[in-house]
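S.K.: coords please:
(5 chains)
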Amino acid sequence: MIISQSTMDVDFVRKVEALSGTSVRRCFQCGKCSAGCPMATFMEHPPNRVVRLLQLGQWQRILAGRSIWYCASCETCSTRCPNKVHLASIMDALRKLSWDAEGPSKESYVQLANKLFLQNIRTYGRQYEMRLAAVFNVKSGQFLKDLMLGPKLISKGKLKMFHSKNKNMPEIEKIFTRIEEMRKKGEAL
Amino acid sequence: MHPEKQKHDFEPKIIAFVCTWCTYAGADLAGTSRMQYPANVRVLKFPCTGRIDPVFILKAFQQGADGVLVSGCHPGDCHYIAGNFHARRRFAAFRKLLEFVGVDLERLQFSWVSAAEGGKWVEVVSDLTEKVRNMGPMTEFKELALEEQWSGTINTEELKEAYKQI
Amino acid sequence: MSRIGVFVCHCGENISRTVDVERVAAQVGKMPGVAFATDYKYMCSDPGQTLLKKTIQEQKLSHVVVAACSPRMHEKTFRKAVEAAGLNPYLCEMANIREHCSWVHEDKQEATAKAIEIVGMLVERVKKNRVLPTITVPVTKRSLVIGGGIAGIQAALDIADAGHEVVLVERDPSIGGHMAQLSETFPTLDCSQCIMTPKMVDVANHPNITLYSYSEIEQVDGYIGNFQVTIRRKARSVDEDKCTGCGVCMEKCPVKKIPNKFDCNLGMRPAIYVPFPQAVPNTPVIDRDNCIKFKTGKCGLCQKVCGPGAVDYEQEDTLIVEPVGAIVVATGFDLYTIDEKPKGSMIKGYGEFGHGKIPDVIDGMTFERLASASGPTGGKILRPSDGKEPKQIVFIQCIGSRAREKGISYCSKVCCMYTAKHTMLYHHKVHDGQAYVFFMDARTPGKAYDEFWRRSIEEEEAVYIRGMVSRLYQKGNKIVVMGSDIAVGVQVEIEADMVVLATAIQPRTGADSLAQKLGISYDKYNFYSEAHAKLRPVECATAGIYLAGACQGPKDIPDTVSQASAAAAKVMTLFAKDKLEREPIVARVKEAGCVGCFACKKVCAYGAVEEKEIRDRQGNLIKVVAYVNPGVCGGCGTCQATCPSKSVELDGYTDEQIVAMIEAL
Amino acid sequence: MTQTIDTNIYAAVTEAIQSEAQRILAAGEVTAIVGYAAARRKGSAQPIVITSADDAQKLIFTPACVNNLAVYLTKAKKEIPKSGRIGIVVKGCDLKALVGLMGESQLKREQLYLIGVPCAGVLASTIQPDTGLTSDSIAPKCRECDAHLPQGCDFVPSQTPVTPELEKKYAAEIARLEALTPQERWAYWKEQFSKCIKCYACRQVCPFCFCEQCLCDRNKPQMVDTTPRPAGNTAWHIVRAMHLAGRCAGCAECERVCPMDIPLNLLNRKMAKELKELYDYEAGFDVHDKGPLNSYTEKDDQSFIK
Amino acid sequence: MKDKLNYSYYPGCSLHASAGEYDLSTRELFKRLSIGLTEVPDWFCCGATPAHNVDELLSLSLCAKNLELAEQVEGDLAVACAACFSRLKTTQHVLAESDVKRKQVEKAIDAPLKLDGKVKHLLEILARDLGLERLAASVTKPLAGLKVACYYGCLLTRPNDVPNLDCVEAPTIMEDVLKAVGAETVAWSHRMECCGANFTLSRPGVVIQLTNAILESAKEAGADCVMVACPLCHGNLDIRQKEIEGVYNVNYGLPVFYITQLVGLACGLSSDKLGLGALIVNPMPLLKEKQLL
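M.R.: Have a look, this model is predicted:
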């Protein structure tokens, strides 16, 4: 890995810091985040290394991998970090920036689930798990995933087939559009 | 050898209030290192920036200073534990007051210059001198002093002419 | 009318090259009040000083201005010369026309004009200078040392050996402090008690040392050279003079099962006890909370068996006042604990390690007691829960230290080394065991320190894992350690038999209240602040008070001993003179104008401002005004700038002197 | 549009003050009470000191009770310990001055019996005393009052004043001046200060000007010229504003008594605003151990320092 | 005694769908305890994990709008779902700390922010507002002999200084509540380990692995059942339990209750009113064995 001023993308790091509201430089690589991370075994870069790569400005390596998409947002790292580095927020920021960049990711399933979830909010105001699951399976091509669970859940009343209209729908739509406008004008990241 | 020294129409008077342990020593270091800077500054030595009364700044302007510099030890380095911390608050408030009554704060500079920062002393003094030189004389207080003598405003051509002569 | 003499120095050519010194002397000579002005090649040379002295006498000069180099260079020289000529030294000022003029300007005309103005300002200033008598303060040549750990012991012995009386005050029943608890010490692995106890005995036997154990500082009045210290001697319930230290009382005491704090609560002691066999003084103390006699009024066995009749249930706390001239503070440290802290406390505990409720998770000091030959297990490493020998032992460094989240961001400095020592002790005692160390960085600067650490890895086979531990939990009779190895980038899980935490060093609880009694400053953790981090690391900003050991910041034994000897040297320097002289640049209150708002007191960093009552002849209170103790005043003048009515004035930097300079412009 | 301000409670407040004063004087809890009494001109009021329970009915509270009575205690502070506990009628604004004085060791809480008055506002100094209280006639300081109900008094009548939201004139004027160039501001203040006749009424009426010898009266050295001329006037008002910074809580008495109508409180409000922004400090609510200019934190703003 | 307690209520999406029994039991329990509960009219999704995962501003804005809606109803805001609770509390925390984000959100929802409204989890209401004593007094059928493993999961207490529900690492609030209603609680190691949460949709394999460790630990500690306060945790522990047993070839058979179900049971509510029939792992045999039905 060649490191120079030109490979150290400080702007990107600043963006991460602005979005996450936490310092990246503060981390001194004690590894406590990785020690307690429930998902670390599924990541190619354990959490401490994600921060290390950020400190070196090597964000492409992070975004190219699946680590950030395997974070479960359990906040264990943030809670136990001796340095008050809010790593869970850094993960949020990285996912946001990856999402914006429509960057390469090895974790399209998680992205797809997130995308559908947000679409659901914009369209219906609330989550309807039945629809979410069904659409996810269709879009991810896993038609038979959790096939056995479905009927059982419906019989237990756990997956509602129908849903009521939310009166605040126009307001929700406005929130989405206002945020889009702010971003267009560069007023928000 | 030396570049031709530039002559200026106006040479401002700069008064520097400095603490003896850091900035005065820093200015000494500039001297021992033979650094060059404009000769406009007059240094008044205090034990500590904590000793510097805002009235002195006022008095300096009244006495014809065109610029005032207040300089002491960096926070945490005070020889007297906390004098510069008290000074910092005092001057933060005082400059706001001066600004409100219409003193251009460009003429009033505060700095931390340590005993090791001879170069910074030169930079601070040169910058302030240059800035004030471009701003021209500090007329506000001088006018007040003149009115004191003439007990009236300078409103006739003759008076204006006489004022310019001074 | 003043008769001022002005002496303009050429400084060889250093000044005269760019400043026309003759012209300066001629111009200044015309100023009102100047009786004499001349220039001279080298004012600081012998002939120059002779010229100065001769002229003062011949010309009957009242004030002197020497225009030469920086006053930081030669002010003392010329003031001494002036004093030799019979003038008060503070009637001499220096005008800096070298560093601030000739060396920084090239244009001779400009530099000369500036030099004239500089000297003019100083002429106006010196006119307002007043005679300032040197301030002298008597010195009581006795010293107080607070704390009987290795720092206090070393300081007390050094001062006492120099022939001065020392009062040594220790809070616990015995001196010895933490060092007496240690098993062996790095980097030489010599037995702590073997090197410590002889020093403790020296203290007990030293004719110049008065030891008050089981005592605390109640109140401190006065200032450098003249402190009055009130000491509370807590009721020991045993007469120190009568007790022979035979120990029968301890044998007979029916209450036997009280956890002994000295053994980190692993061993047991009776209600009347000495904390450890080599205690100094070897006089027991009754723990009144646990004594049957004090709880129920019955028993009284110890009194019955005591031959010399030393046991005294009626004893009460007594207060003694000791006059001393200097104070060495050596109160040492407490170890951080991982238990849950009260809500709102700056320091937090480790919930992820079970808040200290897993019995076989111990701290380093507890391990020291286990490893100590005189400890509760006789030097065997055994688990507190079931007394079995741990075969897999995990050490975790930086517990509390370097953890902002827990409220402490500093490095405790000694843990890397003592953990390395622990792995060695463990390996020596449990041959078939394996030690693992979780660490973030190994900090081993110090003579033979890094070699020591490497030895623990290379020869004593400790496995060091770079990475922290996220969580500990009990699983059966094992402790699951969830850590990571960041070098490999994997999670590491160890099922340990015992976990030893290298917990942070913190100031003693109550360090802040002692500081308030002493009037010394402390940082946000309550470590005491030195006057200057680099150049005055032993002195407090408050004159006459010195620091030794971990009360100032984490330290190992060699550093502590060095600082203790340094503090002792400072005390001896102070005691080398009968009277203390100090520069008379101090603040003075003009009582007539003072209205007692005490803004000066609020800004004084030295605690030099006191409240003084002014009464009429009938004794009626007229007003309360400020009083500046000249022995304590640091001379910064912040009080004067703060005083609205300018009723406090800093000698040597009065408003008159400064305004005179401003008006000279 | 003129808005009438409800002062109906003042009658009840007056009654409550009178009965409390009667009670504490009769019981010997205090030796004297400083309060307001009716003055000769119709509707006007003046300060009064009563020492007898019989005089309690002289006490009143009306929109004409403008004075800050705290000043009577600072100047008499040496007498208080001799005379015993003293009662004082205080509006919220006056109480702020007392709180400040306690912080500066000039008064002790236990020496005072504080009778707080619920106050909707008092009349501006330019208004005839018998005028009704309206959004036009109200004193400027009352427009931005944040202490209509004094806190922490020994006695406060139970009435609650009705206080409409009014335009803040000081804040507006400060904002206007701040928007000007330094030269324009200088011109403004130069004109204001040139009016000064150095009568020192501002100093006389100020509860915080309790120095026995004012810095400006000292002549060794002459820190501030004493002549009533522009240079000396300017210096005087700057020094005074600096000395009050962090202490003045805005009773505006200086401005009220100024015969030349110099907007003195503007300087003091500006400093209060700055200290609030810099150090989050507001004078007059709690008895502070240290004011903003005799304390510090290591992290204070130093963006103005090179 | 305090006046009647009244709360506004934010059930969250799951409680209107897969966790209907949590909603039902909450309403019934509060009715039984005479605590007023008024649903926030037309509340909408808080964004949950997916929103803050990729778009914090959106997440904050959705929560801020919901908080604004909640202002219309009197009383502190009661939240049942741990994820909604975490999001709403985080929103209050983040916006109080950052002026920049606060201004952005105000612009996004086109309304000034009010952050002083109190957001409370049901646990807080039961343990603190109502109080353990009063809760104990309402018990008609103590859950004697029932050994419960209280599962906190991630979002109820973490991170530091945000939910402020209890100690972040060693909370006791669930145990406190259960002890007050007469149950026994077991000490176990995995009560705060992550279950994998919303990966249940995208990466069920991960969830199965993590959830297995939790169930294993609970079983080892001798628990009869698990109690949760989060629909997502419940989904993973209950709905996927059979699947996990299959994958690992073990037999846990641990019913997974919502807190309101167990407390409701102790307060004498019937199985129907608690929606016990909706649980996938059938709790009836256990409850019959302990004579709690």
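
S.K.: Around chain E, pick out the residues from the stretch 351-500 of chain C.
M.R.: Counting by CB under 8 Å from any CB of the partner chain, the residues of the stretch 351-500 of chain C close to chain E are C:351, C:352, C:354, C:355, C:405, C:473, C:474, C:475, C:480. C-betas here are computed from N, CA, C, even on glycine.

S.K.: To clarify, my last question referred to chain C.
M.R.: Counting by CB under 8 Å from any CB, chain C sits next to chain E at C:340, C:350, C:351, C:352, C:354, C:355, C:405, C:473, C:474, C:475, C:480.

S.K.: one more time with 7 Å
M.R.: By CB under 7 Å from any CB of the partner chain, the part of chain C that sits against chain E consists of C:340, C:351, C:352, C:355, C:405, C:473, C:475.

S.K.: Thought residue A:81 was touching the fifth one, still the case?
M.R.: The reference is to residue C:405. Yes. Here residue C:405 reaches residue A:81: they are 6.1 Å apart, a contact under CB atoms under 7 Å.

S.K.: And the residue of chain E closest to chain D?
M.R.: Closest to chain D within chain E is residue E:99: 14.2 Å, counting by CB to the nearest CB.

S.K.: helix or strand for the closest residue to chain B within chain D, which one?
M.R.: Closest to chain B within chain D is residue D:186: 2.8 Å, counting by CB to the nearest CB. Using DSSP states H and E, residue D:186 maps to helix D:182-194.

S.K.: Other residues contacting the helix or strand following that helix?
M.R.: As assigned by DSSP H and E, the chain's next helix or strand after helix D:182-194 is helix D:201-205. Residues outside helix D:201-205 that contact it (CB atoms under 7 Å, 6 or more residues apart in numbering or on different chains): D:71, D:209, D:214, D:253, D:254, D:257, D:258, D:259, D:264.

S.K.: May I see the residues of chain C next to chain E organised as a markdown table, with neighbour count added?
M.R.: Listed next are the residues of chain C next to chain E as a markdown table, based on neighbours: other CB atoms under 10 Å in any protein chain shown:
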| residue | neighbour count |
| --- | --- |
| C:340 | 17 |
| C:351 | 20 |
| C:352 | 23 |
| C:355 | 18 |
| C:405 | 18 |
| C:473 | 20 |
| C:475 | 11 |
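
S.K.: Among those residues, which one lies nearest to residue A:97?
M.R.: residue C:405 (25.9 Å; CB to CB).

S.K.: Model confidence for that closest one, exactly?
M.R.: You'll see residue C:405 listed with a pLDDT of 92.

S.K.: mind listing what it touches?
M.R.: Residue C:405 makes contacts with A:81, A:82, A:83, A:84, E:160, as judged by CB under 7 Å, 6+ apart.

S.K.: Mind picking the lowest-pLDDT entry from the residues you listed?
M.R.: Across those, the smallest pLDDT goes to residue E:160, namely 90.

S.K.: ok, the contacts of residue C:405 vs residue C:391, which is closest?
M.R.: Once CB to CB is applied, the member of the contacts of residue C:405 that ends up nearest residue C:391 is residue A:82, at 29.5 Å.

S.K.: Quick check: phi and psi on the closest one?
M.R.: phi -70, psi -20 (degrees, to the nearest 10).

S.K.: Not counting sequence-adjacent ones, nearest residue to it?
M.R.: Nearest non-adjacent residue to residue A:82, counting by CB to CB, 6 or more residues apart in numbering or on different chains: residue C:403, 3.5 Å away.

S.K.: Please apply the same query to residue E:172.
M.R.: Sequence neighbours aside, residue E:166 is the residue nearest to residue E:172 in space, at 6.6 Å (criterion: CB to CB, 6+ apart).

S.K.: The one you found and residue E:173: what is the separation?
M.R.: Residue E:166 is 4 Å from residue E:173, where distance means CB to CB, to the nearest Å.

S.K.: And residue C:259, by the same measure?
M.R.: Note on residue C:259: its distance to residue E:173, by CB to CB, is 31 Å.

S.K.: neighbour count winner among these two?
M.R.: The neighbour count for residue C:259 versus residue E:173, taken as other CB atoms under 10 Å in any protein chain shown, is higher for residue E:173 (23 against 13).

S.K.: Quick check, that one in contact with residue E:163.
M.R.: No. Counting by CB under 7 Å, residue E:173 stays clear of residue E:163, with 10.9 Å between them.

S.K.: Near chain C, which residues of chain E? Just list them.
M.R.: By CB under 7 Å from any CB, the part of chain E that sits against chain C consists of E:160, E:167, E:168, E:169, E:170, E:189.

S.K.: can you do 6 Å?
M.R.: Within chain E, the positions adjacent to chain C are E:167, E:169, E:170, E:189 by CB under 6 Å from any CB of the partner chain.

S.K.: count of neighbours near the residue of chain E closest to chain D?
M.R.: Using other CB under 10 Å, residue E:99 has 9 neighbouring residues.

S.K.: Identify each of the helices in the chain and give its residue range.
M.R.: No chain in the question, so chain A it is. Assigned by DSSP state H, the helices in chain A fall at A:10-20, A:32-36, A:47-55, A:59-64, A:76-80, A:87-101, A:108-124, A:129-140, A:149-155, A:169-184.

S.K.: Wait, chain D was what I had in mind.
M.R.: Taking DSSP H, the helices of chain D run over residues D:9-26, D:70-74, D:80-83, D:92-103, D:140-143, D:169-178, D:182-194, D:201-205, D:230-244, D:253-257, D:264-279.

S.K.: Need the ones you listed in a markdown table (columns: mean neighbour count and mean pLDDT).
M.R.: Formatted as a markdown table, those follow (neighbours: other CB atoms under 10 Å in any protein chain shown; pLDDT from 0 to 100):
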| stretch | mean neighbour count | mean pLDDT |
| --- | --- | --- |
| helix D:9-26 | 19 | 93 |
| helix D:70-74 | 22 | 88 |
| helix D:80-83 | 13 | 71 |
| helix D:92-103 | 24 | 92 |
| helix D:140-143 | 22 | 92 |
| helix D:169-178 | 15 | 94 |
| helix D:182-194 | 17 | 93 |
| helix D:201-205 | 18 | 93 |
| helix D:230-244 | 23 | 93 |
| helix D:253-257 | 23 | 93 |
| helix D:264-279 | 21 | 94 |
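
S.K.: Tell me which of those approaches residue B:116 most closely.
M.R.: helix D:264-279 (29.6 Å).

S.K.: by contact count, what packs against that closest one?
M.R.: Judged by 3 or more CB pairs under 6 Å, 6 or more residues apart in numbering or on different chains; DSSP states H and E, helix D:264-279 is in contact with helix B:83-101, helix D:169-178, helix D:230-244, helix D:253-257.

S.K.: quick one: it to chain centroid distance?
M.R.: Here the centre of helix D:264-279 is set off from its chain's centre by 15 Å, with CA atoms, centre = their mean, to the nearest Å.

S.K.: what does stretch C:393-408 give?
M.R.: On the basis of CA atoms, centre = their mean, stretch C:393-408 sits 25 Å off its chain's mean C-alpha point.

S.K.: Centre-most residue in chain B?
M.R.: residue B:68 (1.5 Å; CA atoms, centre = their mean).

S.K.: Surely that one is in a helix?
M.R.: No. Counting by DSSP: H, G, I helix; E, B strand; the rest coil, residue B:68 is not found in a helix; it is strand.

S.K.: tell me the pLDDT at it?
M.R.: On the pLDDT scale, residue B:68 is placed at 96.

S.K.: now swap in residue C:223 and tell me
M.R.: On pLDDT, residue C:223 comes in at 83.
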